[in-house]
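[1] Have a look; sequence and predicted model below, questions after that.
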Amino acid sequence: MRGIGDGGGAVRPTYAALSDWLGQIKPDVLDLRRREAELLFRRIGITFAVYGDPEAQERLIPFDVIPRILSAAEWETLRRGRRNVVVGNVVAVGSDGILARAGERLMVLLGVNDLVVVDTADAILIAQRSRSQEIRRVIDELERRHLTRYL
């Protein structure tokens, strides 16, 4: 709820009302609400099991009794469906709509939008997200050039 590096560690505006409420409620009330929620989750089956675990008992889906609050700008980002999905050593700065997977090397994406970038040991794919379904054309071209070792 508090910003990092804003000097005094002030509560962010989005969290102000929640922070005020938390300052007034007793910790045992929150604990009671958490236990009530856990009981309800068990009754209605919001659980999962980890198969192969020697103690494979049903576990509750993780949850937090204190909600995550999103600002209007964050909701707008979600509404548009724009987000970055990155795997590996990827740093995306000022970029949006990125789907990236890095191999061993560091991948830095600066100020680019709507890209699919995949770096493997022997090839790099860079494509506009809107054209990612055209990968069949790339496969056909690799086969035509007898470069199937990259498939």
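    Okay, I see it. Numbers count the residues shown, from 1 in each chain.
[2] which residues in this protein form helices?
    Applying DSSP state H to the chain gives helices spanning 16-24, 27-44, 72-80, 135-144.
[3] Can you lay out these as TSV showing mean pLDDT?
    As requested, the helices of the chain are exported to TSV (pLDDT from 0 to 100):
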stretch	mean pLDDT
helix 16-24	88
helix 27-44	88
helix 72-80	72
helix 135-144	85
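[4] For those, could you give me JSON lines that also reports distance to residue 118?
    Bear in mind the C-beta positions are built from the backbone N, C-alpha and C, glycine included. JSON lines is the format used below for the helices of the chain (distance: least, CB to CB, whole Å):
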{"stretch": "helix 16-24", "distance to residue 118": "40"}
{"stretch": "helix 27-44", "distance to residue 118": "38"}
{"stretch": "helix 72-80", "distance to residue 118": "23"}
{"stretch": "helix 135-144", "distance to residue 118": "10"}
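[5] possible to save these as JSON lines with distance to residue 111 and mean neighbour count?
    Listed next are those as JSON lines, based on distance: least, CB to CB, whole Å; neighbours: other CB atoms under 10 Å:
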{"stretch": "helix 16-24", "distance to residue 111": "32", "mean neighbour count": "11"}
{"stretch": "helix 27-44", "distance to residue 111": "43", "mean neighbour count": "11"}
{"stretch": "helix 72-80", "distance to residue 111": "17", "mean neighbour count": "10"}
{"stretch": "helix 135-144", "distance to residue 111": "25", "mean neighbour count": "11"}
